[in-house]
Every structure is written in structure tokens, then in C-alpha cells.
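Engineer: Here is a sequence with its predicted model. Questions after.
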Amino acid sequence: MNQGFGFLDDLAVREIRRGLLKALAIPGYQVPYASREMPVARGFGTGGLQISLAIALPRDRLKVIDQGADDSVNAVALRRFIEASCPGLETTTRTVEATLIQTRHRIPEQPLSPGQVMVYQVPYPDPLQIVEPSESRRRRCHAHGDYARLWVRLYEDMVRFNEVAISNRYPARVAGRYVIDPSPIPRFDVLKLHQSPVAHLFGAGREKKLYAVPPYTDVEPLAFSDVPFAVEPFRDATGARRTCARCGAADTYLDELPQVGAASRWQCNDLDRCAERLGYPGDSDHDEHHAGP
Amino acid sequence: MGYVAMRGGEHAIAEALNALDLLRAGATDPGADPGEALTIAAIRHQLRLLTDRVMGEGGLYAPDLAALAIKQAHGDPLEAAFILRAHRSNLPRLGTSPVHHGGELRLIRRISAAFKEIPGGQRLGPGTDYLQRLFRLDLLNEDPQAVRAAVARILGDEIQTKIPAMEFPGVVAGLRQEGLLPPSRPAQAAIDITREPLALPVPRPARLAHLVRGETGGILAMAYSTMRGYGYLHPTVAELRVGYLPVRLPHPLTGELVEAGEMLITECEIVATHGGGPGKGGAAGKEGGQPRLLLGYGACVGHNEVKAIAMAMCDRAMLNGDERGPAQPAEDPEFVIALVDGIESMGFCSHYKLPHYVTFQADLENLRQAAHRAKGAL
């Protein structure tokens, strides 16, 4: 490999790539790895960053998003760092053009196509953490496929709130075996992992774990047969689906922007998808400059 | 449009750096003299304990780089240690040293709380324990000439930079000979926790390696919990040593051991008089049927006595946990190891400043739906 390309030393690259291969071979299994300390703070995406740096090639086109936005400060900081350490690599804000997409909290709205790779920044790699603090006990549960306490937690939610009170990081079973924490994506995005044509690579830098959902793999959110899994409804008081105030889309994940003395404004969270629909592909800020709210 | 401020990336990041530089230069306080630029030497010497702490938590013995990091981080120890760690992350491993012993230290300080007199003698050395914490107003406007004069007065004519090495028997060696301490365990190979994934249960070398890089305050809190009833550990400081350790490394060509330099370290051995808490089976460790004292070991980079003592207590508490199952938080290696790293906890705490509006929106949708349903049910 190229000396100096990708910031990480060769041993780190080798360890991460091997870890990813193992993660892809055992879908949903959390592979422990040493996790290098990066010049970026733990919690700011060091896990995703290490994956991107370990697999990026000069011919890649990289998109980095945070909360669905390419220009969010952390996305900018990470993109700048990857660009600087991977000479030759191109960056883009367009989902359809990207070969490598590093993300925090969202999966892009546009359907992904074969050959693309998704890289997730993960704060908590283990779905069992909400019911068991000890990692050695959690590892045993995973080994035995014992998710009973997670099911009990879901059941208790049903009894107490008449619904499962997990809004994001919704636990999902991969390939019928391991249950994963799909990172803090909203429920809205969890279904996109099912039979997805791309590889989804998850990196938890602080917790020192790698895991993956390979292409065309079953991913089922944990749900009871009589209480189907439901995504964020985005409905107004009349029950109608809210639409994006900019592009009019009625099928996207929305940001709510509170207004003084008026009803909240709703608009697409995925700015690239919104710009595409508006006819300004690649210019997600377009109507902020020209039209205004 | 409350989120616009969080976006618009490039420009905001550049301006943040400018704002930091302005603050460091004191430019926000019009008319005030920002003072002379701090030299690296001034930080190393006059802020020596901070430099030591940053080297320890940064995991790299590099006083000049640590001083630079302190300057760059505006004196924030965690930020400074973080800069050092990020630098160290990709440094190649040039070799592995053999096991070094505290007996090789060129001591500047050595005390024992266990005996009035110890072979080799107690040496108070530089310590703040018996100083009154009153202001020294003469430092307000310190004159370099006066500093030099004071140095000359203390040292006399002879400027002594060489500290003689001293061979001494450790305090615990005597206890061991008497059979009051169990014999040394066979040495376990060191574990490079930055290159190997964490194994569970956490082996002792990995625990000690985590503690060496741990945040002083975090380790202190863990150790203090064992003093405050979350555990029942009454340690006696058998020996606390501060000194320069000559570091020997195999020569890259001949393989012969050569002295590559020396580093200031603090080392502490505690003996615990209670192996178990009340009702936890015995007042002292029992190995081979005979009640014995129990050892805890701590060592850290630089001069940091609280960290070395607290580390030794954590080590002992975790060993107690090994023997009869962790009954208290500080006896559980997973708990201690996961929590004492300042760089990681600081990073994760800071990350909550990142925008979380996607997950928060998901929460809101969930709550509103629940409220809606509750209304419908009425």
C-alpha cells in the first residue's frame, strides 16, 4: 500500500481490514480491535474515521455527512482530515456519485447502489448495553444468542407505554443470528439495512469494535408479531403526512425548525436529496442563499 | 433557523482557531499586557507536575512535546495529553525493554509509612506534604536574578546535577522474606494496550497499563471509593519512590542491552491489612492457610504521588475482586478500566455538543405519538 496514504500506519490498516473481513464474514458480530487514537476526539467519529482511512483508495469519491448534512461542522472537520491524509481522493456531497459514504445518525434518502460502501460512526456498538453493563456478560449473551433481556425490555415498554420507547439505535437482528445496534440512526433508516445492495461497516473507536452488515443480508428490527415495527410517522394534527417546506417531498425524514410565534417549519433532513429534487444537485445550500424561508 | 450556526463548516472552524489564538494572546483584555510568551523550558520546569501528568496520561515520555502540548492547549491537561496521544498513536515500536525494577532508580524521594526507619533510609526530597498552603507573595513578581541567587544559596558553590544511584532493598522484600507477604508472582509479559484488543477478563498487565495512562482524578476517585466504604481497603504505604529510571533497550544490531536514557517515575507499593471487607471472610489474605499481607502496585510517569498511590489501591482492589468476585465497583476491572481513561471520557462527554437533532427528532416523534395515543384513549 502507499506509504503515508490514509494517516494510519500499515499495521493499523492491516488490523482494521482484517477486522472488517471478519465482521463481514460473521454478520453482526462485534470484532474487538485495538482502535488507534486519532487526532480527533473520541466520540467524534474515530471509529468510522479509522474504517474510512483503512479502506479508502485514491480513486474513491468520499461523502461525509453528519445529521444528513455535508456542511455540518463535524462532517467538514472529518472530511478535511480524510482529504488531507488521502491525496488523490475526491470528495462529493452527492450520494449518487459517492463510492464511500461516512455518516453519523443517518442513511441517505436516495437508494444506494452496488459498489458503494457505507461507514458508520458508532457510539455504542452493543445493543445489550441498555440491559447489561458488563461487557464480559454481554459477550456471553451474544455467544449464546441470548437476547431474552432485550425482549423483556421491549415487553416492559409495551406494558408501561403501550409502545417500544426506543426511538433510535433500534436493535435489529442480522442474518437471523446476531442482534446489532445499528448506530443512532432513526427507526426510519433501520429498514434500509434490510437486503441492502451495499456493505454497511460500523466502527466504534472508543469502544474498540468493528461490525458489519454485508450486502443483501436480512436485517429485522426486533418486534413482536402482533405489534409491528413502525417508523417515525411525521403526521400533523389532522393525520396528514408532513411534507418538506423546500422540495415538497412527503417520503423523507424531516427536521423540525421551531419558529417564533408560528408553527414549526419542516424540511428534508437529507440536504442532498432535497437539493436533487429542487433541481440543484450538489448544491444543498442553494435556496438558503437565494430564496430563504 | 437555529441550526445554521452549527453549519457552514469551513469558515466557522477557521474563525474558531482565530478566536482561540486571540484568547491565548490576551487580546480580549484591552490595555492589559498579555505577558511574555511562555518558553517550553519555562513550562517544563515551572509547571513540571503538569508536564509530568500530561506525559503520563498522554502515554509518552517526551517533556518538550508535553510542554508544547500544554502551551497549545492553553493549559488544559486533558487536551494536552490528547495531543500527545494522537502524536504517539502511529509512532513505530522500536523495541521492547526488559523488566526494570524500582531498585534501579536514582532516587530524589523515598518514604515509607510502614516503618520508622527503613534500610537505605527515608528521604523526604521534594514534596509538598508538610508545606503550609499559604501564598508566596515573592513569586508575584519574580525576578530571574533572584531565582538564580536562590539556587546558588541552596546549592552552595557546587552545582550538583548528578544524583547518585543507590542500591537499596525494598521494604516489601523484607516482609516477603519473613513470609508475611506471598512470594512474587512470576512476571507476566507486558501487554501493549494500544496495539492489542482488550481481552476479558482483563489480565493484570493490561489493567496496570490502562491505569498508567489513566486520568489522575479518575483513578483517585476509584481508589477513594475503596476508602469510603465501597470496599474495605486500608492500605499502608510500604514504599513510595520518586526517581530517575535508567531505561535499557536491546541494541538494534547487537541485541545487547544499552542505556537509552532515563525517565522520571513515581512508584508505590502498598500493603493491605484487610483482604476482605467485614463479613467477607477473613481479615487478611490467606494463601496456603497462613494469613498474609496483600500487595498493591502502582507506578506512573513523572512525579505524581497521588496517582501512584491511588493506582496501587486500585490494583489491590481488583486483585481482591479476582479472588472472591468483585463485590464493589473498584474491584471490577471492567468497571475501572472503562472509566479511568480521561482522553476517552473527555471525548465522549464533549461529543454531546455535536448536533443530535436527528435522534432528538426521533424522540419527539415517539413522544408525540404516545401523547396522541393517550389522548385518543381518554
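Structural biologist: Alright, I've got the coordinates. Numbers count the residues shown, from 1 in each chain, chains lettered A, B, ... in the order given.

Engineer: Using CSV, write down the CA coordinates of the top helix by length along chain A.
Structural biologist: In chain A, with assignment by DSSP state H, the single longest helix is helix A:10-25. Extracted in CSV, the C-alpha atoms of helix A:10-25 (Å, rounded to 0.1, in the frame of the first residue of the first chain):
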residue,chain,number,x,y,z
ASP,A,10,0.4,-0.2,7.9
LEU,A,11,-0.1,-2.3,10.9
ALA,A,12,-3.3,-0.4,11.8
VAL,A,13,-4.6,-0.7,8.3
ARG,A,14,-4.0,-4.4,8.3
GLU,A,15,-5.7,-4.9,11.6
ILE,A,16,-8.7,-2.9,10.6
ARG,A,17,-9.1,-4.5,7.2
ARG,A,18,-8.7,-8.0,8.8
GLY,A,19,-11.3,-7.0,11.4
LEU,A,20,-13.7,-5.8,8.7
LEU,A,21,-13.3,-9.1,6.8
LYS,A,22,-14.1,-11.0,9.9
ALA,A,23,-17.1,-8.7,10.6
LEU,A,24,-18.4,-9.2,7.0
ALA,A,25,-17.9,-13.0,7.4
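
Engineer: ok, and what's touching that helix?
Structural biologist: Helix A:10-25 has contacts (C-beta atoms under 8 Å, 6 or more residues apart in numbering or on different chains) with A:1, A:6, A:8, A:29-31, A:33-34, A:36, A:50-51, A:53-55, A:199, A:201-202, A:210-212, A:214, B:90, B:195. For glycine as for every other residue, the C-beta is placed from the backbone atoms N, C-alpha and C.

Engineer: Could you identify the buried members of those residues?
Structural biologist: A:6, A:8, A:29-31, A:33-34, A:36, A:50-51, A:53-55, A:199, A:201-202, A:210-212, A:214, B:90 (16 or more other C-beta atoms under 10 Å in any protein chain shown).

Engineer: Now do the strands in the stretch 151-300 of chain B.
Structural biologist: Applying DSSP state E, counting those that start in this stretch to the stretch 151-300 of chain B gives strands spanning B:235-250, B:257-272, B:285-287, B:290-292, B:294-301.

Engineer: Correct me if wrong: A:Arg265 contacts A:Gln259.
Structural biologist: Yes: contact criterion C-beta atoms under 8 Å: A:Arg265 and A:Gln259 qualify, at 5.7 Å.

Engineer: What strand or helix carries A:Gln102?
Structural biologist: When elements are assigned from DSSP states H and E, A:Gln102 belongs to strand A:100-104.

Engineer: Tell me the strands beside that strand, with direction?
Structural biologist: Here strand A:100-104 has these sheet partners by DSSP bridges: strand A:61-66 (parallel), strand A:117-121 (parallel).

Engineer: for the following helix or strand past the longest helix of chain A, packing partners?
Structural biologist: Next helix or strand after helix A:10-25 toward the C-terminus (DSSP H and E): strand A:31-32. Other helices and strands packing on strand A:31-32, by 3 or more C-beta pairs under 8 Å, 6 or more residues apart in numbering or on different chains; DSSP states H and E, are helix A:10-25, strand A:209-213.

Engineer: contacts for strand A:31-32?
Structural biologist: Outside of strand A:31-32, the residues within contact range by C-beta under 8 Å, 6+ apart are A:Gly19, A:Leu20, A:Lys22, A:Ala23, A:Lys208, A:Lys209, A:Leu210, A:Tyr211, B:Pro197, B:Leu198.

Engineer: swap the cut-off to 7 Å and go again
Structural biologist: Applying C-beta atoms under 7 Å, 6 or more residues apart in numbering or on different chains, the external contacts of strand A:31-32 come out as A:Gly19, A:Lys22, A:Ala23, A:Lys208, A:Lys209, A:Leu210, A:Tyr211, B:Pro197, B:Leu198.

Engineer: Assign the closest residue to the fourth one other than its chain neighbours to helix, strand or coil.
Structural biologist: Read it as A:Lys208. Of all residues not flanking A:Lys208 in the chain, A:Ser35 sits nearest, at 4.0 Å (C-beta to C-beta, 6 or more residues apart in numbering or on different chains). With DSSP: H, G, I helix; E, B strand; the rest coil as the basis, A:Ser35 sits in coil.

Engineer: Could you measure from B:Ala272 over to chain A?
Structural biologist: 25 Å (C-beta to the nearest C-beta, to the nearest Å).

Engineer: Check B:His11 too.
Structural biologist: Distance of B:His11 to chain A, given as C-beta to the nearest C-beta: 9 Å.

Engineer: in which helix or strand would I find that residue?
Structural biologist: Judged by DSSP H and E, B:His11 forms part of helix B:9-24.

Engineer: Next, the residues that contact the host helix or strand of A:Met158 from outside, please.
Structural biologist: When elements are assigned from DSSP H and E, A:Met158 belongs to helix A:148-161. Here helix A:148-161 makes contact (C-beta under 7 Å, 6+ apart) with A:127-128, A:130-132, A:163-165, A:171, A:179, A:222, A:227, B:370.

Engineer: Make TSV from those residues and add pLDDT to it.
Structural biologist: Listed next are those as TSV, based on pLDDT from 0 to 100:
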residue	pLDDT
A:Pro127	98
A:Leu128	98
A:Ile130	95
A:Val131	96
A:Glu132	96
A:Glu163	87
A:Val164	91
A:Ala165	90
A:Pro171	98
A:Val179	98
A:Leu222	97
A:Val227	92
B:Ala370	83
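
Engineer: Which two of the residues you listed have the greatest separation?
Structural biologist: Distance extremes for these: the farthest pair is A:Glu132 and B:Ala370 at 26.0 Å, using C-beta to C-beta.

Engineer: thinking again about what came up before, who's more crowded, A:Arg265 and A:Gln259?
Structural biologist: Taking neighbours as other C-beta atoms under 10 Å in any protein chain shown, A:Arg265 and A:Gln259 compare with A:Arg265 leading, 16 against 12.

Engineer: Output the strand or helix carrying the more buried one as PDB, nothing but the C-alphas.
Structural biologist: Following DSSP H and E, one finds A:Arg265 within strand A:262-268. Coordinates of each C-alpha in strand A:262-268 appear next as PDB, following Å, rounded to 0.1, in the frame of the first residue of the first chain:
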ATOM      1  CA  ALA A 262     -45.700  30.400  14.200                       C
ATOM      2  CA  ALA A 263     -45.900  26.700  13.600                       C
ATOM      3  CA  SER A 264     -42.700  24.800  13.100                       C
ATOM      4  CA  ARG A 265     -41.200  24.600   9.700                       C
ATOM      5  CA  TRP A 266     -40.400  21.100   8.400                       C
ATOM      6  CA  GLN A 267     -37.800  20.300   5.800                       C
ATOM      7  CA  CYS A 268     -35.800  17.400   4.500                       C
END
